[in-house]
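>>> sequence and predicted structure are below.
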Amino acid sequence: MSTAHVLLGLLAAGPRHGYDLKRAHDEQLPRAKPLAFGQVYATLGRLERDGFVVASSPERDGGPDRTSYVITEAGRAHLAAWLSSVEPPAAHVTGEIFSKVVVALLAADDTTAHDYLIAQRAAHMRRMRELTAAKTGPNATTAELIAVDYAIGHLDADLQWLQTTLRRVAGPDKE
Amino acid sequence: MSPGTLARLAVAGNRTDVLRLVLTAGSTGVATVALLAAATVISVQGYADRYTSALLAEPGLRPGVSIALVLVSLPVLALAGQCIRLGAPARDRRLAAMRLAGATPGESVLIATAETAVAGFVGSSTGLVAYALGRQLIAARDHFGRLRLPTDVLPPIPVIVLVVLAIPLLAAVIGAVLMRRVIVTPLGVVRRTRSRGPRPWPGLLIAVGLVLFGLPLNWPDGWHRPDWHLPARLSYGVLGLGVVLVMAGVVLGTGWISHTVGRLLRRYGRMPSTLLAGQRLITDPWHGSRTLAALLVAVVAGGATLGFREALATDIRAQRSGGSGLGAEPEFYFNAYRLVLIVVGLSAVVAAAGMLVALAESIVAGRRSYAALTASGVPRRTLAASVLWQTLTPLVPALLLAVGSGVALARLFDTHPPAPVPVPFQSLGLLGAGALLAVVLAAGAGLLVLRSSTDLEELRV
Amino acid sequence: MEPLLNGTGITRSFGPTPALRGVDIDVAEGEIVAVTGPSGCGKSTLLHCLAGILRADSGTVTYRDQNLGLLSEAARSRLRRTEFGVLFQFGQLVPELTAVENAALPLLLAGSGRREARTVALGWLDRLGVADLADQRPGAMSGGQQQRCATARALVTGPRVLFADEPTGSLDALTGEQVLGEIVQVARAQNTAVVLVTHEAKVAAYADREVTLRDGVVDATGLGLGMRA
């Protein structure tokens, strides 16, 4: 589970509180879904149970819960193992758009398929324009750029695939 | 566009462009010296026994010397015209880029011709300086107090100014004429190509030139001779115009010759090299005219000189057998002709050098197609053979035409010789063979360029 | 509002091959419009017609009440060095001139003094981060630096429209993105309209809107395909 690995990675730089971890996560992975507090603590609990982190003594400086977490040797080993293992490229093609386009081309009438494709492309372009605007904005951080690049790259891949598929199906310049 | 900007853009260039500037300036410089010398000789008044050479002393001989000097300047000027083509692909790209940046079509032609004019002006100014210095250096008198050269006479100042200004102007006009088929668009340079091949019309130029040359000398007996006398200068002008027309006809006629030879090669050639050469000749029939122009002009001049010499020899033989005067120092006249022939030979060498440059340039310009042919397995030997075929096959008929036109000019000079003048086949053959040899040597040197141009690296440029 | 640049019914053929078969397009002041479509759809030809580099066979191109079709070649050239900037994939710099001379070229052609033109051009090179290369020739620069220099030249006269044809097509992804980002940023700051020709959705995403061509006509679906609507 990669949230656990991200938290381990953040802790590798030094001990942090739960709230700190959430903020660091949202900063470093800006375009990812923000972490909920509940999820942070649940994940930390699992990591503690597996012996990858330990909770250090709470600092009593006024805040209600200032438990900070420290990565253990086992935790570092676990993180290193994860980082050095290759993610196998997906064995099966999955994706809502993939299925939908194929079904649209197979099952739907021309108008429905066509309308869907136009709308889907427009939606992708709109999103890409937003992301590009965010990227060229005045105060984009490196983390933001990395995340936006990832998102744009995937949208672009979708669009290219969409276009290629349609040309394959339509054939060259059918009039 | 300010004059400063024009000058900066005109002289912007790479090494090839610098070479072109130097060659243009050099050849216009030599032409200036030759024309100033011609003007000096013609400016000498009356019988001038202050000169060691009878060529300069006799009023009747001086126009001949003058004409010979003008003739010599023509191949050199032709070389200047040839230089304009040097480095054309790079210049075309440059002009297109300037058009894209907002230069108007007129400005792009102006930039291109300004470059030639600047180089021509540098050349003619240098020529003027060389002429002035030369006068000082060779002004020595012998112990009779006679001069070797007319260093004591200056042509009228307006004439000097005219020569110094007219030469760059002429070079620029030649440049503009050469550019007229070139349309510089912002997207690149388009050469307006004729859909039809060249026609043999330049033959007419040769005919008209011969008539112009022959007319003042041989007014037909039956015709009413106009009462007014043609002023001497004007008739020299008509003579000169005739010569220029004949030379232009020979140079332009080479286009038709190339095209025809190309068609024959393609129809009857059975080797890949002849097919390649034939197609290239048809695609660009003017290539020969461009590369060979100066050489052909020199050969016309050489042919004419040999013809004159033969006429003189016949004349002397006739007078000897008739026992009359002139025969005292025939060697002197032959020396004079020898001098002219040496000058013609020198300009032929200049021309061959120019041809080498032009040939190398055309190979470099077509390097992508040469490299692509090599890459697809055409042996270099075949390519080299095709370059030789392409250069030599149109050359032989063109040389015959040039030699023939030259001799024809000479024979028109005196149509009623005292004895029939034989055609000096032997020396004409030597002249033609010499020119051929020069071209073979230049083409051989050009093939060295082919070797480096067929490197597959060239495909990447 | 009256558009800054308008094309109506533009057609253009090359020999027997039609490249544009009646294209309508509007570009407003300061707007960035991407022209997209598959190879051979006529997008470059459209850009050339709009910029007055090519003359349309029929139809009209109007820039601020001037019909480009009625202007002479020379007048259109002058428009290109004052009102328009042009940026291509490559080959637009004069290889024999230095970066600053290249950037100053439109000013020089328009008759500015050399010193003054140099100062303005240096300012633009600086703005695009290549001022230290001012006295280098294009051959000594990387592709990205050349495109920055070409951008400086295209913008040096403060044009109202910038025509960019695959301006980052010959650059790697990151360099292309940086150059494109700078172009867009500067254009927005100057309120310069941009006509951006590209076949990449990623590049088109820099624009405010997109016009897709297919077989020489505008494809309203944006798909660039011959599907029945």
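Yep, it's here.
>>> for the longest helix along chain A, packing partners?
The residue-count maximum for a helix in chain A (DSSP state H) belongs to helix A:142-170. If contacts are counted by 3 or more Cβ pairs under 8 Å, 6 or more residues apart in numbering or on different chains; DSSP states H and E, helix A:142-170 sits against helix A:96-107, helix A:110-136, helix C:201-204. (Each C-beta comes from the backbone N, C-alpha and C, glycine too.)
>>> tell me, what residue is most central in the chain?
Since no chain was named, I'll use chain A. residue A:32 (4.5 Å; Cα atoms, centre = their mean).
>>> try again with chain C
Closest-to-mean residue, chain C, Cα atoms, centre = their mean: residue C:163 / 1.4 Å.
>>> how much space separates it from chain B?
Note on residue C:163: its distance to chain B, by Cβ to the nearest Cβ, to the nearest Å, is 10 Å.
>>> for that residue, which non-adjacent residue is spatially closest?
residue C:51 (4.4 Å; Cβ to Cβ, 6 or more residues apart in numbering or on different chains).
>>> can you give me the neighbour number for that neighbour?
25 (other Cβ atoms under 10 Å in any protein chain shown).
>>> from residue B:116, how far out is it?
Using Cβ to Cβ, to the nearest Å, one obtains 31 Å as the distance from residue C:51 to residue B:116.
>>> now do residue C:20
Distance from residue C:20 to residue B:116, counting by Cβ to Cβ: 39 Å.
>>> what of residue A:53?
82 Å.
>>> what's the answer for residue C:111, then?
As judged by Cβ to Cβ, residue C:111 and residue B:116 stand 23 Å apart.
>>> these two: which has the busier surroundings?
Neighbour comparison, residue C:111 and residue B:116: the larger count goes to residue B:116, with 29 against 11 (by other Cβ under 10 Å).
>>> quick check, that one in a strand?
No. Using DSSP: H, G, I helix; E, B strand; the rest coil, the assignment for residue B:116 is helix, not a strand.
>>> what is the burial count for residue B:278?
Neighbour count for residue B:278, taken as other Cβ under 10 Å: 23.
>>> which SSE is it in?
helix B:272-283 (DSSP states H and E).
>>> which residues does that helix contact?
B:197, B:258-259, B:261-267, B:269, B:287-288, B:378, B:382-383, B:385-390, B:393-394 (Cβ atoms under 8 Å, 6 or more residues apart in numbering or on different chains).
>>> filter these down to the buried ones.
The neighbour-count test (16 or more other Cβ atoms under 10 Å in any protein chain shown) applied to the contacts of helix B:272-283 identifies B:258-259, B:261-263, B:265-266, B:269, B:287-288, B:378, B:382-383, B:385-390, B:393-394 as buried.
>>> contacts for stretch C:113-121?
B:2, B:4-5, B:8, C:100-101, C:103-104, C:107-108, C:112, C:134, C:152-153, C:156.
>>> how about 6 Å then?
Stretch C:113-121 is contacted by residues B:4, C:100, C:103-104, C:107-108, C:156 when judged by Cβ atoms under 6 Å, 6 or more residues apart in numbering or on different chains.
>>> one step back: who does the next helix or strand after the helix holding residue B:278 touch, helix- and strand-wise?
Using DSSP H and E, the next helix or strand after helix B:272-283 towards the C-terminus is helix B:286-322. If contacts are counted by 3 or more Cβ pairs under 6 Å, 6 or more residues apart in numbering or on different chains; DSSP states H and E, helix B:286-322 sits against helix B:62-83, helix B:232-268, helix B:330-365, helix B:380-413, helix B:425-453.
>>> can you name the residue of chain B nearest to chain C?
Nearest residue of chain B to chain C: residue B:102, at 2.3 Å (Cβ to the nearest Cβ).
>>> mind listing what that residue touches?
Contacts of residue B:102 (Cβ under 6 Å, 6+ apart): C:77, C:80-81, C:106, C:109.
>>> give me that answer again for 10 Å
Listed by Cβ atoms under 10 Å, 6 or more residues apart in numbering or on different chains, the contact partners of residue B:102 are B:186, C:76-86, C:105-110, C:153, C:157.
>>> spatially nearest residue to it (excluding sequence neighbours)?
For residue B:102, the spatially nearest residue (Cβ to Cβ, 6+ apart) is residue C:81, at 2.3 Å.
>>> could you do residue C:147 as well?
Counting by Cβ to Cβ, 6+ apart, residue C:147 lies nearest to residue C:179, which is 5.0 Å off, once chain neighbours are set aside.
>>> buried ones in the helix or strand that contains the one you found?
Counting by DSSP H and E, the secondary-structure element that holds residue C:179 is helix C:173-190. Of all the residues in helix C:173-190, those buried under the rule 16+ other Cβ under 10 Å are C:175-184, C:186-187.
>>> now the angle from it to helix A:110-136?
Using axes from the mean of the first three to the mean of the last three Cα atoms, to 10 degrees, the direction of helix C:173-190 lies 80 degrees away from that of helix A:110-136.
>>> and the angle for helix C:173-190 with helix A:142-170?
Helix C:173-190 runs at 100 degrees relative to helix A:142-170, counting by the same axes, to 10 degrees.
>>> would you mind identifying the next helix or strand past helix C:173-190?
strand C:193-197.
>>> mean confidence score for that next one?
For strand C:193-197, mean pLDDT is 95.
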